[in-house]
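J.: 3D, please:
(one chain, ligands or ions: 1)
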Amino acid sequence: MLAGVLELRADCARCAGLCCVGPALTRSADFAIDKPAGQPCPNLRDDHRCGIHAHLRERGFPGCTVYDCFGAGQQTVQVTFGGASSQPRDELLAAFAVLRPLHELLWHLDAARGIAAAAALRPALDEQVSRVTELAAAPAASLAEIDVVGLRGDAHVLLQEASRLARAGTPARDLRGADLIGKKPRGDLTGANLQGAYLIGADLRGRRLDRADLIGADLRAADLRGADLSTALFLTQPQVNAAVGDASTRLPAGLDRPPHWAS
Ligand code: SF4
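T.: Numbering: from 1, shown residues only. Coordinates of the predicted model:
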């Protein structure tokens, strides 16, 4: 999906490996090494591509497979810096640190624009998308002045209302922030409000999550085999990548089935 003229899907070929330099890595189940913020990962090649891309999980870097910049990487390199990836790295990383949350915000706003039941919000959503898009296209020197927290707050109001409208007429269980780690949630999840819920390792096999709001839900290792999330709200690619699924898992349009899922 596109929001205005900004691309919201990562295109690593037009980035400069920013996500492999900027964040710190901590040796854990997600990353095989410690790496300080701002230092290139030792697996990053000179052409800005990952040298172990096809084997990240086997090599101890599953955390890398669940990261998504929502297109902020190529926006930083190609637009903010005009394709000059040889800019001082600190400047690139500083811009990327602002653009990444803006692009994620745009992804959610754009998803809300696609909710038919929230058509009445469309003008306000369009206005918010235009505002964030315009800010994200600002020169590098202006990016640091953007009030990302304030923008999130404004968007939050609209997203909440879009969610409420989309889930109207469903049981709409309130499971916000629920601790469902390793559990098999009981009852109907149609229209459930699972915002920020902890679904790590949860057993959701074969479940229907029609119009369930999953914004900010932690789906790491959640078992989605056979589950239907085709109309789930605000689901993102990183959430899907972090979960377990198979060929029968149904996803919303615009999200890809991760290569590591069982066929
Ligand atoms: S392992 Fe590959 S994808 Fe992960 S940070 Fe290093 S270079 Fe980037």
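J.: from here on, contacts and neighbour counts on C-alpha atoms
T.: OK.
J.: let me see the domain layout of this structure.
T.: The chain breaks down by automatic domain parsing into domains covering 2-167, 171-263.
J.: contacting residues for the closest residue to the ligand within the stretch 51-200 of the chain?
T.: For the stretch 51-200 of the chain, the residue closest to the ligand is Cys64, as judged by CA to the nearest ligand atom, at 4.6 Å. Shown in contact with Cys64 (CA atoms under 8 Å, 6 or more residues apart in numbering): 30-31, 56.
J.: out of the domains of the chain, which one sits most buried?
T.: Between the domains of the chain, domain 171-263 has the highest mean count of neighbours, a mean of 19, where neighbours are mean count of other CA atoms under 10 Å.
J.: how far does that one sit from the chain's center?
T.: When C-alpha coordinates are averaged (CA atoms, centre = their mean, to the nearest Å), domain 171-263 and its chain have centres 14 Å apart.
J.: that one near the ligand anywhere?
T.: No: Domain 171-263 lies out of reach of the ligand by CA under 6 Å from any ligand atom, never closer than 13.6 Å.
J.: so how far is the helix or strand containing the residue of the stretch 51-200 of the chain closest to the ligand off the chain centroid?
T.: Counting by DSSP states H and E, the element that carries Cys64 is helix 62-65. Helix 62-65 sits 13 Å away from the centroid of its parent chain (CA atoms, centre = their mean).
J.: now do stretch 56-67
T.: Computed by CA atoms, centre = their mean, the chain-centroid distance of stretch 56-67 equals 16 Å.
J.: with only the CA atoms kept, save it in CSV.
T.: What follows is stretch 56-67, C-alpha atoms only, in CSV (Å, rounded to 0.1, in the frame of the first residue of the first chain):
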residue,chain,number,x,y,z
LEU,A,56,19.6,-15.8,9.4
ARG,A,57,17.7,-18.2,11.6
GLU,A,58,20.1,-21.0,11.4
ARG,A,59,23.0,-18.7,12.1
GLY,A,60,21.3,-17.3,15.3
PHE,A,61,19.8,-14.1,14.0
PRO,A,62,16.1,-14.6,14.0
GLY,A,63,15.6,-11.1,15.4
CYS,A,64,16.7,-9.8,12.0
THR,A,65,14.0,-11.6,10.2
VAL,A,66,11.2,-9.8,12.1
TYR,A,67,12.5,-6.3,11.6
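J.: what does the stretch 51-200 of the chain put close to the ligand?
T.: So the stretch 51-200 of the chain meets the ligand at 52-53, 61, 64 (CA under 6 Å from any ligand atom).
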